[in-house]
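Q: I'd like to go over a predicted model; first the sequence, then the structure.
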Protein chains: 2
Amino acid sequence: MTFTARSQPTRDAVLAAARRAFAAHGYERTTVRAIAADAGVDPSMVIRYYRSKDDLFRAATEIDLALPDLSRVAAPDRGAVLARRFLELWDDPGTGEVLTVLLRSAPTSAGAAERIRETFAGQVLAMVRTAAGPDAGSEVSGRAAALGSFMLGTALARYVLELPPLATASRDDVEAVMAPVVDAILAGDREG
Amino acid sequence: MTFTARSQPTRDAVLAAARRAFAAHGYERTTVRAIAADAGVDPSMVIRYYRSKDDLFRAATEIDLALPDLSRVAAPDRGAVLARRFLELWDDPGTGEVLTVLLRSAPTSAGAAERIRETFAGQVLAMVRTAAGPDAGSEVSGRAAALGSFMLGTALARYVLELPPLATASRDDVEAVMAPVVDAILAGDREG
């Protein structure tokens, strides 16, 4: 189904309300009714534009991480560049909200776990593959898995569980903690 | 309040039922009534022994990680030793269930996040401090944070979100991915 440009503001308002609700309460505890009320529309409009809570969740959590092309970054700078991008993504109100939605919902929502799986395979693994170059072998997938796990865990500690010291550390301090670990992961066996 | 030895089997049955329920459904969606039914007792007995769902959750998620004393492990073996302990803890039905409860519940439960915070501060940070020796400075807390994040993220990917390739990899393959990263984190600036 396609919609007219005239309905775009309403669809955007629903999407924004959905992101707020999912971020605050997670997938399970969010209702189409509450999203509709927040967007100032009737629940039937939400269903008309997005079919189901599940499809609305998918639309609300589509994210382009815009990860750097590491083949253009000198090896010793990669960890710092990637740590900075990670912090930008989480601290930006727009992308940070989507990422919070995903991480907060994932343990109890198959849809959120699936979206994280897609984002990992399509963006993180692709970046590590490019960085490793065409001669790299199967160790690339282990390296990408380690990188993804470290990013997931750091985000969980800092932004969702709010565990000290990461939750209260400055961006510079978090970057200083992350960068050498990311470097070690990307360097793989060469320094392992 | 203290209880007699005669009530111990009932208290144990309630605790076991609580762990199963929290592991399967998370904190939010678990009810005292369902735990009582599973344990074969009246809900009032659950409240008599554990006062509230919150206190029962705390009792059900107390965990001794039994982390190794790394000061007795040669530096090049530390990553492998710690990765193996991590896998043992998660693959053991008893401790694995408690850890699953914590990680699955943490994003939506302040009690679970608090328990993870305590376990990190009391056990992970303490282990990294011992490994670093008495002359280590403030970099120890950053190192412990990076280690905790990496462990959290790996567990989330493998055991909760079931993201490939970690979810389907053999224990040996996971150990091979984790060990060099853990080594790099523990070595800190010396190799950073």
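A: Ah, there it is.
Q: for the closest residue to chain B within chain A, which non-adjacent residue is spatially closest?
A: Across chain A, the shortest distance to chain B (Cβ to the nearest Cβ) belongs to A:Gly153, at 2.6 Å. The C-beta positions use only the backbone N, C-alpha and C, and glycine is treated the same way. Of all residues beyond its chain neighbours, the one nearest A:Gly153 is B:Gly153 (2.6 Å), with distances taken as Cβ to Cβ, 6 or more residues apart in numbering or on different chains.
Q: close enough to count as contact, the residue of chain A closest to chain B and B:Ser149?
A: Yes: between A:Gly153 and B:Ser149 there is a contact at 3.8 Å, judged by Cβ atoms under 8 Å.
Q: so for stretch A:85-95, mean pLDDT?
A: Throughout stretch A:85-95, pLDDT has a mean value of 96.
Q: mind checking how far that stretch is from the chain centre?
A: With Cα atoms, centre = their mean, to the nearest Å as the basis, stretch A:85-95 stands 9 Å off its chain's centre.
Q: close to chain B, is that stretch?
A: No: for stretch A:85-95, no contact with chain B is found by Cβ under 8 Å from any Cβ of the partner chain; the gap never falls below 11.4 Å.
Q: list the contacts of that stretch.
A: By Cβ atoms under 8 Å, 6 or more residues apart in numbering or on different chains, the residues outside stretch A:85-95 that reach it are A:63, A:65-68, A:96, A:99, A:151, A:154-155, A:158-159, A:171, A:174-175, A:178.
Q: and if you look at stretch A:17-35?
A: Outside stretch A:17-35, the residues within contact range by Cβ under 8 Å, 6+ apart are A:14, A:36, A:38-39, A:43, A:46-47, A:50, A:53, A:56-57, A:59-61, A:97-98, A:100-101, A:104-105, A:108-109, A:111-112, B:28-29, B:107-108.
Q: what subset of those is buried?
A: A:14, A:36, A:39, A:46, A:50, A:53, A:56-57, A:59-61, A:97-98, A:100-101, A:104-105, A:108-109, A:111-112, B:107-108 (16 or more other Cβ atoms under 10 Å in any protein chain shown).
Q: which of the three states applies to A:Arg29?
A: coil (DSSP: H, G, I helix; E, B strand; the rest coil).
Q: please report how far it lies from A:Val46.
A: 17 Å (Cβ to Cβ, to the nearest Å).
Q: so where does A:Thr95 fall, helix or strand?
A: Take DSSP states H and E as the rule and A:Thr95 turns out to sit in helix A:93-105.
Q: right, and the helix or strand after that helix?
A: By DSSP H and E, the next helix or strand past helix A:93-105 is helix A:110-119.
Q: check whether that next one contacts chain B.
A: Yes: against chain B, helix A:110-119 shows contacts by Cβ under 8 Å from any Cβ at A:113, A:116-117.
Q: what angle do the next helix or strand after that helix and helix A:110-119 make?
A: Once the chain leaves helix A:110-119, the next helix or strand it forms, by DSSP H and E, is helix A:125-132. Interaxial angle of helix A:125-132 relative to helix A:110-119 (axes from the mean of the first three to the mean of the last three Cα atoms, to 10 degrees): 20 degrees.
Q: residues making contact with helix A:125-132?
A: Contact with helix A:125-132 is made by A:67-71, A:78, A:136, A:140-141, A:143-144, A:147-148, A:186, A:188, as judged by Cβ under 8 Å, 6+ apart.
Q: and the residue nearest the centre of chain A?
A: By Cα atoms, centre = their mean, chain A has its centre lying nearest to A:Leu99, at 3.9 Å.
Q: how far away is the residue lying closest to that residue once chain neighbours are set aside from B:Tyr159?
A: Distances taken as Cβ to Cβ, 6+ apart put A:Trp90 closest to A:Leu99, at 6.0 Å, once the chain neighbours are dropped. Going from A:Trp90 to B:Tyr159 by Cβ to Cβ gives 23 Å.
Q: for the two, indicate the residue with more neighbours.
A: Each of A:Trp90 and B:Tyr159 has its neighbours counted (other Cβ atoms under 10 Å in any protein chain shown); A:Trp90 has more, 20 against 17.
Q: okay, and the more buried one sits in which element?
A: Here A:Trp90 is assigned to helix A:78-91, by DSSP H and E.
Q: buried residues of that helix, list them for me.
A: A:78-84, A:86-87, A:89-90.
Q: go back to the contacts of helix A:125-132 and keep what's next to chain B.
A: Restricting the contacts of helix A:125-132 to those near chain B by Cβ under 8 Å from any Cβ leaves A:141, A:143, A:148, A:188.
Q: closest to B:Val124 among these?
A: Checking these against B:Val124 by Cβ to Cβ gives A:Gly148 as the nearest, at 20.7 Å.
Q: so the closest one touches A:Val124, yeah?
A: Yes: using Cβ under 8 Å, A:Gly148 is in contact with A:Val124, at 5.0 Å.
Q: is it correct that A:Asp173 is in contact with B:Ala145?
A: No: using Cβ under 8 Å as the test, A:Asp173 is too far from B:Ala145 to be in contact (9.5 Å).
Q: the more surrounded of the two?
A: Set A:Asp173 next to B:Ala145 and count neighbours by other Cβ under 10 Å: B:Ala145 wins out with 29 against 15.
Q: residues contacting A:Leu163?
A: Per Cβ under 8 Å, 6+ apart, neighbours of A:Leu163: A:157, B:113, B:116-117, B:120, B:145, B:148.
Q: if you rank the residues you listed by neighbours, which is first?
A: Sorting the contacts of A:Leu163 by how many neighbours each has (other Cβ under 10 Å) puts B:Ala145 first, at 29 neighbours.
Q: what residues are up against that residue?
A: Taking Cβ under 8 Å, 6+ apart as the criterion, B:Ala145 is in contact with A:157, A:163, A:165-166, A:169, A:177.
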